[in-house]
Structure formats: structure tokens, C-alpha cells
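# Predicted model and sequence follow; I will ask about them next.
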Amino acid sequence: MSEHQFFEIDTDFISEVSTETISWQEVESKAVKDGTKLKALPTASVEDLRRIDRECLSWGDTVHYQENPIFVTGCQQGLVFDNDSNTYIDTGMWHSSCNFGYRNPQIESEVLRQFNTLPQACGDFLHREKLLIAKQVVDAIYERTGLKGRVSFNVGGSLVVEDALKIVRKNTGKNKVAVMMGGYHGRSLATLNLSSSHRYRQYFNEFPERAIMFPFANCSQCFYEKERDTCDLYCARMISKAFENEYYGIASEISSEIGAMVIEPCQGRGYTIPPKDFYQKFITDLRERGVLIVADEIQVGMYRTGKLFAFEHFGFVPDIITLSKSFTNGLSPVSLVWARADLVDPKVFTPGHAHSNFANHPLGTAAALATWRYMLAQDYETSVPAKGEYFLAKLRQLQVLHPFVYSVDGLGLLLNMVFADERGLPYRNSAQLAAAIAQDNDFTWLGKTWRMILQTGGYDLNVLKFAPYLDISYEEIDCTIGVLDQVLQKLGPMLSTQSMPIGGVK
Ligand SMILES: Cc1ncc(COP(=O)(O)O)c(C=O)c1O
């Protein structure tokens, strides 16, 4: 018998269910409670469990991007607790998968109710929550765009993006799509054609259907090396231009080889917010040539930017929309694709065009419905921009205090902080360094001890990305900024020696 078969799971611990809420003032007792409980496991110590990770798990996922991954034992609102009773302020909320807070009692209780009534149901049947959430989404999109549409469900982000691609192919007869450099649409074999990083594809042979990629309006690191004040959105004009002349290779005056452009309205890579008129400058040219517009709202939808959908800020209306992550507040991988009604008319997109066994899982549809109802009951259109402005103003104060902060930006509660020198040369890997400092050290704020989870991104891993839970209080923002300031104080002296390669980064 192999050694790991001796390990037993303490079912007492994992079946503990609670919908209690705690405030940030009470967190220490909660952390200690959960940490102590895990330490008390009789047959599998944390070291045993970490040994399982070393010996039994493929490390092909993203856990071992980090040298010292957190061993999570609990979570609540915007906090995460680990096995050593540390409390982490989570500034990223699982890459915007839990916009409405961990263990949100109003959402969780609905999932528990479903668990006790219809925990399983074959996807070939109908059930109440699936239909009710479909109606909520269809109505909300109609209110915002005037477009009638239909939805279908799938599992996780990549697969609904693939469903979107199927809808494009079925309706346009074209396989080729366009995307933006820096965009991310998943890591399945089909969505790897769209995600920009070469690194994700390089080990897996050819991708004959790889998307055409255009430079995005990433103004702190412009592809064309222009300045925002004087560029007149050169990048947007170049996209338009590419469609103007048959000799540029992808379009003529009336047609295009491209079926769709897939857009992340604000990019998850660096939480980059393009200028408000960026998309308007080229979308009409694409539409005139029959190109469909897909808005991938998987990361930036669900009020992250202060509007239900991020595209609402940018003056265009998509033909297809994808949602995942916070669609169920991270309680289930059920995801959704909405498409204009004519594109998925039952005579066009016939039964069997899309399917996955778990696509309509009733725990997921219940989570989505509860999340949606919770979301609409709040006033996020007011509170998120107000809190975002407050958070951004605090980030600006940190920029003044720490000269290696090159720029800060935000839209609602999607914010970024870029590390670069005064010429704009990025401090490569500086955000990763900041994240490790924040995660592995104790910081004090108002007499309590905190650690912090920081999300990193940017083309040179030189961007901190902030996506706190949307119900964060102003006191919690102050605490977050107070701890971040201390992280930056530690980071500053390390930059020139550790993260800035000799000669800078070109
Ligand atoms: C915008 C966007 N699209 C698609 C995906 C892929 O989702 P998943 O990881 O669930 O496949 C992600 C995931 O981060 C994303 O942010």
C-alpha cells in the first residue's frame, strides 16, 4: 500500500456549515478558531498535506507560480484565513470570482436550500432556478441594450468562450477571430487561440486558428511608444485602418475574413482601462464588414467597474456576452453565454449544438440566481464608483510617497498600480515581489496583525491589480491602504537590486 493511503479526512471538520457573518473587527478569533481546528486533524498534519501536494499533484496548474502557496482554511467577506491562524486581506477576490464577498450569507443560504431540495438534476431536464436566472439575465441585457437575446450555460470561463466561438462560426461561417494583445480568454485548446501570451501555447505545438492580435490601449506601456496626451488614439486608428484595404490582408470595403472580435472591455492582464472612446473608433468599421462583437465580461462584469457590464462604459453594444466567475459568486463553475436572439434562434442553434453534463447544475443555477438577486438589491451603480474613487485617491497618495509607483488608475473597484522608473521603464517582476512580501510578512494596522493577498499582472509583472469585494467598507479600504503602504516601504529598497534587470527592461 502506498503511504498516502494512510491519510484520513476529518469529516467532522469539512461538514461544518455556517452562515454567520463576522466583521473585520472580530477576525482574529475566527482565524484562530479555524487554524486550531485544522491543526487538530488527527491523521493529516499540514506538513502531511503539503507532502501530498509535492508527491501526488501535477504542478501544471497555477498554484506553484508561488514559492509559498497559502494553505487556506477559511474565508469571510474580504478575508482569507490560513492554517497558521494568519488573516489575509484579499485585494483580488480570487480574480474577481467573489465580487459579493466570501461566504455571503444571503447567497450561501440559497445554495444550502437548493442542496436540501434539488442537489442534483440531469441537464436534459428543466428546473426552476435555471429558468429564473435565464430570465433575469435576458431582461437585464434588454434593459441596457434594447436587444432581445437568449442564454445557455456551460462550465467555467473557457467553455462559454468556446460556445461564443461556436455561435460565431455557425452564423458567419468563419473560424478566424480578432482579439487584443494582452487579452485573456482561457487556457483550453480552443481559447488558447485567443489568449495573448505566447508562453501558454509554446509547449503545445501549432495553433492554426490563432487569432489576429491588435495592440490594446495599454497607455502606460504603449506598443507604438506614443504618449497618451498626443497620440489621438493611434492604436484604435490602426485597427480601423487594418480593415480598410484588401492589401492589408484581412478585409475589403464590404467583407472580412474575420467572424468576430473578442473583447475584454477592461483587460484582466493589468486591469488596464482603455480610454472611453477607444472601441467606438473602430467598431463601426468592423460591423460594416459583418464582424460580430463578443464582450468577454467574465472578469470585469458583475458590477466590478460600477456597471453591471464593463462594456456599458465604452459606448458599444456587443452581439454576444460571456459571464462566469462572480456569476455564481465563486460558489459553482456554472457560466453563461448570452447572444442576440437571431444568432441563437432555435432554428439556427439547434438542440445539441452545446452541451456539458454539468452545464446546468442546480447548485450552480441556484447560486447564480441568488447572486443576481443579491446584486440587484444593492445600489452598486452608486456605491462602487464612490468607493472606487476613494480607493483610487488613496492609491494616488501612495504614488506620491513611493516614487517607483509610475501610475495608478481605476474604474469602479477595478484598480491598478504600475511600477516603473521615471522614464516609464518597468521594474520587471516587481509586483510579484510585492505580492510575496505582502503574503509572507505580518503587518500591523489599528493594533491588529494582517497579511495581504495581492494580484499581480502587467506585461512585465510590474502591475498590482486590485479587485476588492464590492461591499468593502471605507474603514476596510483605509486598512487595505495602510497595509499596502507598509508593503511598498519594504519593496522600495529591493527594486534596484532584485527586480530591475541590468540596463533596464526594453
Ligand atoms: C476574461 C476571461 N475570460 C476567460 C477566462 C477563462 O475562465 P476559466 O479559467 O474559468 O476557464 C478568464 C479567466 O480568468 C477570464 O478572466
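In hand now; what should we look at? Numbering: from 1, shown residues only.

# Return the residues of this protein in contact with the ligand.
The chain has residues 95, 156-158, 161, 184-186, 264, 268, 296, 298-299, 324 near the ligand, with proximity defined as CB under 6 Å from any ligand atom. Glycine gets a C-beta too; all of them are placed from N, C-alpha and C.

# Let's see which of the residues you listed end up in helices.
95, 156, 157, 158, 161 (DSSP state H).

# give me every residue that touches the closest residue to the ligand within the stretch 151-300 of the chain.
The minimum distance from the stretch 151-300 of the chain to the ligand, using CB to the nearest ligand atom, falls at residue 157 (2.1 Å). By CB atoms under 8 Å, 6 or more residues apart in numbering, the contact list for residue 157 reads 185, 186, 298, 322, 324, 325, 335.

# again, only using 10 Å
95, 97, 184-188, 191, 296, 298-299, 322-325, 327, 333, 335 (CB atoms under 10 Å, 6 or more residues apart in numbering).

# Produce a ChimeraX select command limited to the buried residues of those residues.
In ChimeraX, this line selects whichever of the contacts of residue 157 come out buried by 16 or more other CB atoms under 10 Å:
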select :95,97,184,185,186,191,296,298,299,322,323,324,325,327,333,335
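
# low-scoring stretches of this structure, by residue?
Within the chain, the ranges that satisfy pLDDT under 70 run 1-25, 27-43, 496-506.

# Residue 166: what secondary structure?
helix (DSSP: H, G, I helix; E, B strand; the rest coil).

# tally of neighbours for residue 474?
By other CB atoms under 10 Å, 12 other residues sit near residue 474.

# excluding its backbone neighbours, what's nearest it?
residue 390 (6.3 Å; CB to CB, 6 or more residues apart in numbering).

# What helix or strand is the one you found located in?
helix 380-401 (DSSP states H and E).

# Going by contacts, tell me the helices and strands next to that helix.
Counting contacts by 3 or more CB pairs under 10 Å, 6 or more residues apart in numbering; DSSP states H and E, helix 380-401 packs against strand 405-411, strand 414-419, strand 463-466, helix 474-494.

# do you know how far the residue nearest the centre of the chain is from residue 153?
The chain has residue 299 as the residue nearest its centroid, 3.3 Å off, counting by CA atoms, centre = their mean. Distance from residue 299 to residue 153, counting by CB to CB, to the nearest Å: 18 Å.

# that older thread, ok, the ones in helices among the residues of the chain next to the ligand vs residue 145, which is closest?
Distance to residue 145 across those (CB to CB) is lowest for residue 161, with 19.8 Å.

# And the closest one, how far from residue 260?
Taken as CB to CB, the span from residue 161 to residue 260 is 11 Å.

# Need the residues touching each of these two.
Common neighbours of residue 161 and residue 260 (CB under 10 Å, 6+ apart) are 294, 320.

# all strands for the stretch 101-250 of the chain, in order.
149-155, 177-180, 212-214 (DSSP state E, counting those that start in this stretch).

# Need the contact partners of the last one.
Counting contacts by CB under 10 Å, 6+ apart, the residues outside strand 212-214 that touch it are 176-183, 194-196, 223, 235-236, 238-239, 242, 249-250, 257-258, 261, 282.

# Okay, buried residues for it please.
Result for strand 212-214 [16+ other CB under 10 Å]: buried residues residue 214.

# Same check on the longest one?
By neighbour count, and taking 16+ other CB under 10 Å as the criterion, the buried residues in strand 149-155 are 149, 150, 151, 152, 153, 154, 155.

# do the same with stretch 370-388
Across stretch 370-388, burial judged by 16+ other CB under 10 Å covers 370, 371, 372, 374, 375, 380, 383, 384, 385, 387, 388.

# Surely the first one and residue 111 touch.
If I follow you right, that is residue 370. Yes - if you go by CB atoms under 10 Å, residue 370 and residue 111 touch, sitting 6.6 Å apart.

# Name the residues contacting each of those two.
328, 329, 331.

# now the residues you listed as TSV including distance to residue 82 and secondary structure?
What follows is the shared contacts of residue 370 and residue 111, written out as TSV (distance: CB to CB, whole Å; DSSP: H, G, I helix; E, B strand; the rest coil):
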residue	distance to residue 82	secondary structure
328	24	helix
329	22	coil
331	21	coil
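
# Make a PyMOL selection of whichever of the residues you listed turn out to be buried.
Under the burial definition 16+ other CB under 10 Å, those of these that qualify are selected in PyMOL by:
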select buried, resi 328+329+331
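
# Would you convert the shared contacts of residue 370 and residue 111 into a markdown table that also reports distance to residue 215?
As requested, these are exported to a markdown table (distance: CB to CB, whole Å):
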| residue | distance to residue 215 |
| --- | --- |
| 328 | 34 |
| 329 | 34 |
| 331 | 37 |
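
# out of the shared contacts of residue 370 and residue 111, who's nearest the ligand?
Using CB to the nearest ligand atom, these come closest to the ligand at residue 328, 11.3 Å.

# Which residues lie in contact with the closest one in this structure?
Counted by CB under 10 Å, 6+ apart, residue 328 has contacts 97-98, 107, 111, 133, 334-336, 361, 363-372.

# The residue lying closest to residue 463 once chain neighbours are set aside: what's it in contact with?
By the measure of CB to CB, 6+ apart, the closest residue to residue 463 outside its immediate chain neighbours is residue 270, 4.3 Å from it. By CB under 10 Å, 6+ apart, the residues touching residue 270 are 182, 216, 218, 220-221, 409, 416-418, 431, 456-465.

# mind listing which of the contacts of residue 328 are in helices?
Those of the contacts of residue 328 lying in helices (DSSP H): 107, 111, 133, 363-372.

# Now the two most distant members of these.
For the ones in helices among the contacts of residue 328, the farthest-apart pair by CB to CB is 363 and 372; their separation is 15.1 Å.
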